[in-house]
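Student: Whatever this is, show me its structure:
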Amino acid sequence: MKKIFLFSIVWIAAAVQAFAQPSVAEVSKILAEADWQTKEITGNITLRQVQLTLFGAQQSIHILEIIPDGAVRLGIHDVSDTLIGTSELCRQVNAIAGINASFFDMKNGGSVDFVRVNGTVLHKTAKRTSRNNAALAIDSSTVRILARDTTIAEWENTIDSRNVLVAGPLVMKDGLPARLQESAFNQNRHPRTFVATKSDGAVLLVVVDGRNTRAAGMSIPELYVLSEALDCRDAMNFDGGGSSTMYVRGENENGIVNYPSDNKLFDHYGERRVANIIYVKATPGQPVLNE
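Tutor: Below you'll find the predicted structure:
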């Protein structure tokens, strides 16, 4: 009886939070009127950053908008069974920009979810949960966000792509909110890293700061509202919390443009060591920029 009562309280609290959220139209208006700091990194990559009040709290949002039309490409860089900071991983592959990616074993290193790079499987999913129900598939200039096929035991093995990274939860598919399990991970506000795609082919790499009075972070339902307000079609969550880091070559002293929370300071030096990244770099034959 006590468990039923507690479950009811959690469900009601989640419902109240969802009800209290501003509409997508309201969030779109807030974003349109915000004082964005915008910088063209290359002709295909734009960095947009803003600090504003959203969802009734202070928020710090960083967006890399990428047009993967041949001049730049996205990729996955994974370091097998160790952990290295996002900025260093980006430098290892001479990336123009990048973000942290999948969930990992904080003690022993290595991704705990499926990773395939250039056709080679580097990691298999250690445990299937409601959280790792999405995959990012990257081929040439094509980037897709896929939902788990629950009819296939090891669904990620069937994905027709040379580069695949599993994470989650899925936030949005075909413009509609994904079904979410009621959990503290989903409902509480944390720093978040996520990837979204738009109907015009643009890819958004997004970091939302958190765990600071100047940056509350977001819940997964709030990520959905933000994604729809940004006119996205598909979106999936990556590892967040102290891992949430965005790197852009040549920016600040260390390339980190957001405010990673692992050092509990609102600066650019609190990045956590991670297992892998999603990076953006010039396509072979194209000029290397911002060096």
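Student: where in this structure is pLDDT low?
Tutor: Scanning the chain for pLDDT under 70 picks out the ranges 1-20, 285-291.
Student: So which residues of it form helices?
Tutor: 2-20, 24-33, 86-92, 184-187, 220-229 (DSSP state H).
Student: May I see the buried residues of the fourth one?
Tutor: So the one you mean is helix 184-187. Phe185, Asn186, Gln187 (16 or more other C-beta atoms under 10 Å). Where C-beta positions appear, they are placed from N, C-alpha and C, glycine not excepted.
Student: I'd assumed Ser219 was in contact with the last one.
Tutor: Yes. Counting by C-beta atoms under 8 Å, Gln187 does reach Ser219; the two are 5.3 Å apart.
Student: one step back: which one of the buried residues of helix 184-187 sits closest to Ser111?
Tutor: Phe185 (17.7 Å; C-beta to C-beta).
Student: residue contacts, the closest one?
Tutor: Arg131, Ile220 (C-beta atoms under 8 Å, 6 or more residues apart in numbering).
Student: That one and Asp105: what is the separation?
Tutor: Counting by C-beta to C-beta, to the nearest Å, the gap from Phe185 to Asp105 is 17 Å.
Student: try Ala32
Tutor: Between Ala32 and Asp105 the computed distance is 41 Å (C-beta to C-beta).
Student: Who has more neighbours out of these two?
Tutor: Taking neighbours as other C-beta atoms under 10 Å, Ala32 and Asp105 compare with Asp105 leading, 14 against 9.
Student: Against Arg211, how distant is the more buried one?
Tutor: Applying C-beta to C-beta, the value for Asp105 to Arg211 is 22 Å.
Student: Likewise for Ile66?
Tutor: Distance of Ile66 to Arg211, given as C-beta to C-beta: 27 Å.
Student: repeat for Lys124
Tutor: Taking C-beta to C-beta, one finds Lys124 at 31 Å from Arg211.
Student: which one of these two has more residues nearby?
Tutor: Taking other C-beta under 10 Å, Lys124 and Arg211 do not tie; Arg211 has more neighbours (20 against 15).
Student: Now that one: closest residue in space that isn't a chain neighbour?
Tutor: Using C-beta to C-beta, 6 or more residues apart in numbering and skipping the chain neighbours, the partner closest in space to Arg211 is Ser261 (4.2 Å).
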